[in-house]
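J.: here are the coordinates; sequence isn't available:
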């Protein structure tokens, strides 16, 4: 054993909502999320402008191996599709027993979680809040404020992604604005199981 | 599979340097670190006051299982033993291949790392800096500023601790104040391998 991976740092810049030492940036516009928002008409009305919904900046090149931890910052831009807040696609981990830790850095967000059987849980995120995504819970975040919502995420590097279950079935609940505040309601587009 | 661990949040309070939803707090005074500081005379001179060096607040009760992630905040108080900055005991992970992510929240700190063969690495930490402790590296932090140094740590819950190697051999280097700034020098108390 002589080849050790060198330690390193990445610095979060809350002005640009990025980090230094980024290996990959993932950008999602509305067109990348076709069918995930509940209001198809509102989605169609925004198709021409195709707004940028969120970006994820992954730090360095962490090997996707057991024991390693990947980390990234996510910036969710403020906005809504109809009355549904801008959100991430959401996913389960391919290795279902892998947990994740989020840490709120800027703005106001929510974390929506659900079990494979469709039990839903909802957590409020803001700067200073560390949220725990336990094993097996699918997870999606949304920006429920007026400014960028930024958070740090740390997860086992071998967790992997299962986006398909969410894309096929949707979340059981969605988060919409009601009287100026976030409300969790049943997803009208949720596929029956 | 019907018993899922419920999601939760813990909130960091940078006034009290604690988090909510704490399961365990670990406090280390000088007497708990006997022999780890290089200057035995300076250590003896502080024995009567036995200052509080650092506290670690572990969030919730995360099962120590593969896939789960433990997280905690550490507050290192400002001070020195002789010219050596207040520091944590430092440890390797019992499961050596487990990494760790640190995120600086307040104050100025340093992260000192070393391989089992004694190769040393040094990273500067401050608010907004995410530091990566790769697999196999022993790690210790120190407060090199005038106020509390606080950081968040996330690590695989099954990583475990090996404090003994550090207690027996010491770190190859120590971090001392030279001309008002941190300097990394060879540890005069380091056991010969």
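T.: Happy to help now that I have it. Predicted model only: the values in this text are computed from it and were never measured.

J.: Rounded mean pLDDT for the helix or strand containing residue A:71, please.
T.: In the assignment (DSSP states H and E), residue A:71 maps to strand A:69-76. Average pLDDT, strand A:69-76: 97.

J.: What is whichever strand or helix holds residue A:10 packed up against?
T.: Using DSSP H and E, residue A:10 maps to strand A:8-13. With contacts defined as 3 or more Cβ pairs under 8 Å, 6 or more residues apart in numbering or on different chains; DSSP states H and E, the packing partners of strand A:8-13 are strand A:18-19, strand B:120-125, strand B:129-133. Every residue, glycine included, has its C-beta placed from N, CA and C.

J.: hmm, 7 Å instead?
T.: strand A:18-19, strand B:129-133 (3 or more Cβ pairs under 7 Å, 6 or more residues apart in numbering or on different chains; DSSP states H and E).

J.: just those strands: most buried one?
T.: Most buried of the helices and strands packed on strand A:8-13, by mean neighbour count (mean count of other Cβ atoms under 10 Å in any protein chain shown): strand B:129-133, with a mean of 25.

J.: Show the subsequent helix or strand relative to the least confident helix or strand in chain A by mean pLDDT.
T.: One helix or strand of chain A scores below all others by mean pLDDT, DSSP states H and E: helix A:164-169, with a mean of 89. Next helix or strand after helix A:164-169 toward the C-terminus (DSSP H and E): strand A:173-178.

J.: List the buried residues in that following strand.
T.: Using 16 or more other Cβ atoms under 10 Å in any protein chain shown as the test for burial, strand A:173-178 gives A:173-176.

J.: now stretch A:55-67
T.: Within stretch A:55-67, the residues that qualify as buried by neighbour count (16+ other Cβ under 10 Å) are A:55-60, A:62, A:66-67.

J.: Of the residues you listed, which is the nearest to chain B?
T.: residue A:67 (3.7 Å; Cβ to the nearest Cβ).

J.: so that closest one touches residue B:97, yeah?
T.: Yes: counting by Cβ atoms under 7 Å, residue B:97 is a contact partner of residue A:67 at 3.7 Å.

J.: hey, what's in contact with both of those two?
T.: By Cβ atoms under 7 Å, 6 or more residues apart in numbering or on different chains, residue A:67 and residue B:97 have these common neighbours: residue B:135.

J.: Can you flag which of the buried residues of stretch A:55-67 belong to strands?
T.: Among these, the residues falling in strands (DSSP state E) are A:55-59.

J.: Chain B next: which of those are close?
T.: With respect to chain B, and counting by Cβ under 7 Å from any Cβ of the partner chain, the subset of these in contact is residue A:59.

J.: Where does pLDDT dip in chain A?
T.: For chain A, the stretches with pLDDT under 70 are A:1-2, A:191-193.

J.: Point out the residues in it that sit beside chain B.
T.: Neighbours of chain B within chain A, by Cβ under 7 Å from any Cβ: A:4-12, A:59-60, A:67-69, A:71, A:97-99, A:101, A:103, A:113, A:115, A:121, A:123, A:128-137, A:152, A:154, A:156.

J.: Please indicate which of those are buried?
T.: Among the residues of chain A next to chain B, those scoring as buried are A:4-5, A:7-12, A:59-60, A:67-69, A:71, A:98-99, A:101, A:103, A:113, A:115, A:121, A:123, A:128-137, A:152, A:154, A:156 (criterion: 16+ other Cβ under 10 Å).

J.: quick one on the thing from earlier: what does the strand holding residue A:71 rub up against?
T.: For strand A:69-76, the external contacting residues (Cβ under 7 Å, 6+ apart) are A:12, A:17, A:19, A:54-59, A:62, A:86, A:88, A:109, A:141-143, A:148-157, B:99, B:101, B:130, B:154.

J.: Likewise for stretch A:152-166?
T.: By Cβ under 7 Å, 6+ apart, the residues outside stretch A:152-166 that reach it are A:12, A:62-66, A:68-74, A:89-95, A:98, A:100-103, A:105, A:138, B:67, B:69, B:101, B:103, B:130, B:154, B:156.

J.: run the last query once more with 6 Å
T.: Contacts to stretch A:152-166, defined as Cβ atoms under 6 Å, 6 or more residues apart in numbering or on different chains, come from residues A:62, A:64-66, A:68-73, A:89-95, A:98, A:100-103, B:101, B:154.

J.: How about stretch A:113-125?
T.: For stretch A:113-125, using Cβ under 6 Å, 6+ apart, the contacting residues are A:104, A:109, A:111-112, A:131, A:137-139, A:171-173, A:184, B:4, B:7, B:9.

J.: ok so, going back, same list, the helices and strands packed on strand A:8-13, but as JSON lines with distance to residue A:34 please.
T.: Formatted as JSON lines, these follow (distance: least, Cβ to Cβ, whole Å):
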{"stretch": "strand A:18-19", "distance to residue A:34": "27"}
{"stretch": "strand B:129-133", "distance to residue A:34": "33"}
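
J.: Indicate which one of those is closest to residue A:43.
T.: Taking Cβ to Cβ, strand A:18-19 is the member of these nearest to residue A:43, at 27.7 Å.

J.: And the closest one, what does it pack against?
T.: Where contact means 3 or more Cβ pairs under 6 Å, 6 or more residues apart in numbering or on different chains; DSSP states H and E, strand A:18-19 is packed against strand A:52-59.

J.: Now do the strand it packs on: which elements does it pack against?
T.: Against strand A:52-59 (3+ Cβ pairs under 6 Å, 6+ apart) you get strand A:18-19, strand A:22-29, strand A:69-76.

J.: Parallel or antiparallel, list what pairs with the first one.
T.: Read that as strand A:18-19. Paired with strand A:18-19 in the same sheet, following DSSP bridges, are strand A:8-13 (antiparallel).

J.: which of the helices and strands packed on strand A:52-59 is buried the deepest?
T.: The highest mean neighbour count among the helices and strands packed on strand A:52-59, using mean count of other Cβ under 10 Å, belongs to strand A:69-76: a mean of 24.

J.: what's downstream of that strand, the next helix or strand?
T.: Helices and strands here follow DSSP H and E; after strand A:69-76, the next one along the chain is strand A:80-81.
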